[in-house]
Structure formats: structure tokens, C-alpha cells
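Trainee: Let's see this in three dimensions:
(2 chains)
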Amino acid sequence: AQSVTQLGSHVSVSEGALVLLRCNYSSSVPPYLFWYVQYPNQGLQLLLKYTTGATLVKGINGFEAEFKKSETSFHLTKPSAHMSDAAEYFCAVSSMEYGNKLVFGAGTILRVKS
Amino acid sequence: DTGVSQNPRHKITKRGQNVTFRCDPISEHNRLYWYRQTLGQGPEFLTYFQNEAQLEKSRLLSDRFSAERPKGSFSTLEIQRTEQGDSAMYLCASSSRGGSNQPQHFGDGTRLSIL
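Mentor: Residues are numbered from 1 along each chain as shown, chains lettered A, B, ... in the order given. From the prediction side, this is the model:
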């Protein structure tokens, strides 16, 4: 089975500060990992993905994430928060062995203070 | 690339009524997925199609739910005899060939409210 845990349902940062959103996964097979962002009343937009290869993955809007197999983590970071980053962020895992479905964490709401 | 399109965006109906949602995937994508998202939760997988074949269904998909993708293009999700617990956002996603490492692209969802 596969599962995702996102630590912290709400994270608040000041504009210009580092953003760190935590994601830990459980998977008995090599995982594919994704981060999505959701703005109110909208669908999910892909930020970045890890499949194979380089463990530090860069995505859109200045976000990046690092796959750490030993820690079963895939934390999302951004050096400097913008007001427009305020949204809900979801970490997800999939693998061929468990079909093609995405298994999502419960999400983290990011608040950016001016 | 016009993105994944879902209609309607909002649906309000009385308990016991039937509802149908439509999803138009990105045109060259052969895989189509349905998810359900309730308030404060991440999306949960319901079912997925590869072309017109429905390859997997979640246990969340009770007998009142049925999904089709008759020509391998658009898909419909029907809920019969709706219940209060069906109130949620229903999200559709599509992806191209290549397996589960291909990212899924989501529509803006259909928000269902049961009175």
C-alpha cells in the first residue's frame, strides 16, 4: 500500500521568508512523487514531480523538492515567499505496482503574511 | 492544449435525485481519472480509464456511482439517488501514455451540494 503524511495542516510565513512544507510517504516499491497546488474553487496544478534520476527537483514558481529515500521524505521548499503563494499544497505518491492512481496527503494551507 | 474541462462547475440538487457530470480531457491523453475531494481533505481516487476501458474502481465507488468513457474521449460520472454524504468536489484528471510517472492534469472540478 501507499500513503502520504503532510506534517502541519496550516503553515504561516512572512513575505520573503523561506517556505518549507513537509511530506513523508510510505511505499513498498519505488515511488513517483508529486506536489500540486490548489487555489480556492479551482483544480490542482502540478508544481513538480520526481520519477527517477536527480533527487533535487525544480518546479514552477521557484519551488523545489528533494527526494530523500532514507528519510522517505519529499519536502517542498521555496527560498522567498510571495503573497501569491498563499494556497493549499498537496503531496501525492503513485507507482506502477499500485496502478496509476495518485494517493494524496491531507494538504497544507500556506498563509503568507505581509 | 486547452486543459481538462469539467461541467457543470456547480450542481445543487435535492437528496434522492440523480446527477451527471462531464469531463473532457486533454485531447491527446488516453488516461482519464475521477477523484472526490471533501472539505479539508486531499482528493481520493474513484476510478480510471485507459481509452474506453475502465481499469480500476475504488471501493469508494458504490453501486450508486457509474462512470463511462464510451469513445475514449470525454467521460461522464453519474450518481444515482444522491445522499448527503455525496456532497463534495468531483475532480477529473487526464494523463498521457507512459505509466504512473506521467503527471495527471486536473480540471477545475464540479462542486456538488446535496440539499
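Trainee: quick one: low-confidence parts of chain B?
Mentor: Residue ranges of chain B with pLDDT under 70: B:1.
Trainee: Residue numbers of it in contact with chain A?
Mentor: B:4, B:6, B:31, B:33, B:35, B:40-45, B:48, B:55-56, B:58, B:91, B:93, B:95, B:99-101, B:103-109, B:111 (Cβ under 8 Å from any Cβ of the partner chain). Quick note: C-beta positions are derived from backbone N, CA and C, even for glycine.
Trainee: A:Tyr89 contacts A:Leu76, correct?
Mentor: Yes: assessed by Cβ atoms under 8 Å, A:Tyr89 is found in contact with A:Leu76 at 6.5 Å.
Trainee: Look up the residues forming beta bridges with residue 56.
Mentor: In the absence of a named chain, this looks at chain A. Beta bridges link A:Leu56 to A:Glu66, judged by DSSP bridges.
Trainee: wait, I meant chain B there
Mentor: Partner residues in beta bridges with B:Glu56, using DSSP bridges, are B:Tyr48.
Trainee: close enough to count as contact, it and A:Lys101?
Mentor: Yes: at 6.8 Å, B:Glu56 counts as touching A:Lys101 under the criterion of Cβ under 8 Å.
Trainee: So which residues of chain B form strands?
Mentor: With DSSP state E as the criterion, chain B has strands at B:5-7, B:10-13, B:19-24, B:31-37, B:44-50, B:53-57, B:65-68, B:75-79, B:88-95, B:105-106, B:110-114.
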